[in-house]
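Visitor: my questions concern the predicted model and sequence given below.
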Amino acid sequence: MMLKIISVIPHASWQYFNKWGYVVALIALTVVQVAEATQLTIILRYDDYSRSSNLDVEQALFEATKSLGGGVLVGVIPFSASKYKTRGSDGMPLVADLGEKKINILQKYASQGVIEIAVHGFSHQNNAAANEPDSEFTGVPENTQSLLLSTAKASLEKATSSRINSFIPPYNRYDNKTLEALENNGYKLLSAGLGGPTLRGGNLTYLPGGPYPQRLKNLVLSALSKNHTDAIVVSTIHPYDIVESGAEMAGFRSGSPQINIQTLIDDLRQIKQLNDVRFMSIRELLEGGEDLSTDRIQANLKLRESFVTRHRLLPEAFNVYPLSGLYYSQDSVNRMYFFQISAFSLLYGVLALLVTFITTAALRRFRNRVRNIKVLAGTISGGGIFALLAKSLSSGFYMTSAVGLICCTGVLVGIALNQWRTAPQLLPAR
């Protein structure tokens with residue numbers, strides 16, 4: 001059927017398409033920009049370091065990271081008690097409730113530049129209202145948040161004799177009041193999820209967490225295969241991810257398998273052997289002038305929430321979709337976003353023109369039966385548009401729906417053009 005339809009297109013039309021085909025190809029080639037040689041940066045983030053977390057697992061992780069030349073952002077819970085207290089019975093500021101061995105490990109690896117200590121809440125308790133997502137800080141008054149953050153920071157600095165500038169919110173949730181409290185208490189780095197609020201101006205920088213350790217190696221391999229190397233991967237690890245920790249997998253990740261600490265270390269070593277990959281510490285990242293600005297996090301959100309990305313409107317072979325778990329540079333985001341828009345416009349624009357020309361050419365070819373064909377094609381196309389829109393409401397709008405919608409619309413436009421060309425022209429009376 002398709003061959004029959006194509007055979008009725010005049011030769012002149014094919015010449016027209018051939019000419020514009022070269023133009024489209026030329027534009028497509030100019031859209032694809034070759035990125036500068038980059039290396040995928042790997043950073044580890046270990047949450048829930050506390051008095052009760054497994055010291056052997058943590059020491060093995062820190063030692064392995066040291067041997068790889070990398071670094072770990074360690075989210076430390078200063079106080080294990082659920083009741084908030086900011087001063088002891090003697091009225092003196094509290095010291096982090098971690099125990100001597102835990103303190104010594106932090107001091108040892110912090111002094112070697114292997115770990116960066118971060119405040120991971122005050123006691124990691126849930127203060128969220130009923131039916132709200134778990135959070136220690138969201139919804140809490142700003143003065144209370146400020147007191148908790150200043151106490152946690154001072155207690156860890158006193159215990160470890162280290163300067164602490166980083167914060168990892170429990171449950172990865174916080175609000176605008178948290179940002180103000182962080183800014184007012186001298187914090188410099190916030191590591192949470194990608195979708196949280198940001199603060200314009202000020203000194204805060206942002207380093208969103210990424211994949212769980214179980215999928216780190218596959219993500220790195222996928223990023224390298226797609227040449228998505230101008231990015232940071234922050235692998236977020238919790239004690240419950242590791243079999244030997246003795247902690248049960250978190251309820252919200254029920255069914256997700258745990259990983260052995262040795263398997264994780266082996267994965268890290270294999271990643272280290274790959275080309276275009278580098279392990280870095282937080283200190284090296286900051287001293288190297290890495291962009292961790294609000295603009296970068298907003299650019300990544302724009303790419304992930306774009307119309308093309310959300311609805312997967314381009315073929316996967318175009319390599320225009322961000323990989324979940326990668327924190328792309330602004331240059332990389334801008335290239336991908338520009339290519340998304342350009343490729344989308346070219347692909348669907350050319351498809352619409354093609355269907356419109358095929359329709360008008362077919363109607364000219366079958367002009368003896370054109371009225372019946374117009375009615376039939378118009379009815380089918382109009383019904384198709386309605387059916388596709390109805391389907392999208394229930395199952396989502398994706399590439400197949402977009403292609404069908406463009407084809408149906410192109411047929412209707414072709415019918416309208418044919419009708420306009422064949423309509424009798426009114427001549428002025430003499």
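Guide: Yes, it's here.
Visitor: the residue nearest to the spatial centre of the chain: what's it in contact with?
Guide: A centroid search over the chain (Cα atoms, centre = their mean) returns Ser324, at 4.8 Å, as the residue closest to the centre. Taking Cβ atoms under 8 Å, 6 or more residues apart in numbering as the criterion, Ser324 is in contact with Pro211, Leu219. Using the backbone N, CA and C atoms, a C-beta is placed for each residue, glycine as well.
Visitor: let's see that with 10 Å instead.
Guide: Ser324 makes contact with Leu194, Gly210, Pro211, Arg215, Leu219, Ser222, Arg304, according to Cβ atoms under 10 Å, 6 or more residues apart in numbering.
Visitor: and the helix ranked longest in the chain, what does it pack onto?
Guide: In the chain, ranked by residue count with DSSP state H as the criterion, the top helix is helix 330-365. Applying 3 or more Cβ pairs under 10 Å, 6 or more residues apart in numbering; DSSP states H and E, one finds that helix 330-365 contacts helix 2-7, helix 11-31, helix 294-304, helix 307-311, strand 327-328, helix 370-395, helix 399-422.
Visitor: mind listing what's buried along it?
Guide: Of the residues in helix 330-365, 330, 332-333, 335-337, 339-340, 342-344, 346-348, 351-353, 355-363 count as buried by neighbour count, 16 or more other Cβ atoms under 10 Å.
Visitor: again with stretch 158-174
Guide: In terms of neighbour count (16+ other Cβ under 10 Å), stretch 158-174 has its buried residues at 159-160, 162, 164-174.
Visitor: where's the dip in pLDDT among the contacts of Ser324?
Guide: Lowest model confidence among these falls on Leu194, which carries 89.
Visitor: in which helix or strand would I find that residue?
Guide: Remark: Leu194 resides in no helix or strand, with elements defined by DSSP states H and E.
Visitor: circling back to that earlier point, who wins on neighbours among the contacts of Ser324?
Guide: Ranked by neighbour count under the definition other Cβ atoms under 10 Å, the contacts of Ser324 are headed by Gly210 with 26 neighbours.
Visitor: that's a helix at it, yeah?
Guide: No. Membership of Gly210 in a helix is not supported by DSSP: H, G, I helix; E, B strand; the rest coil, which gives coil.
Visitor: so it touches Leu219, yeah?
Guide: Yes. If you go by Cβ atoms under 10 Å, Gly210 and Leu219 touch, sitting 7.8 Å apart.
Visitor: hey, what's in contact with both of the two?
Guide: Common contacts of Gly210 and Leu219, defined by Cβ under 10 Å, 6+ apart, comprise Val233, Ser235, Leu323, Ser324, Gly325, Leu326.
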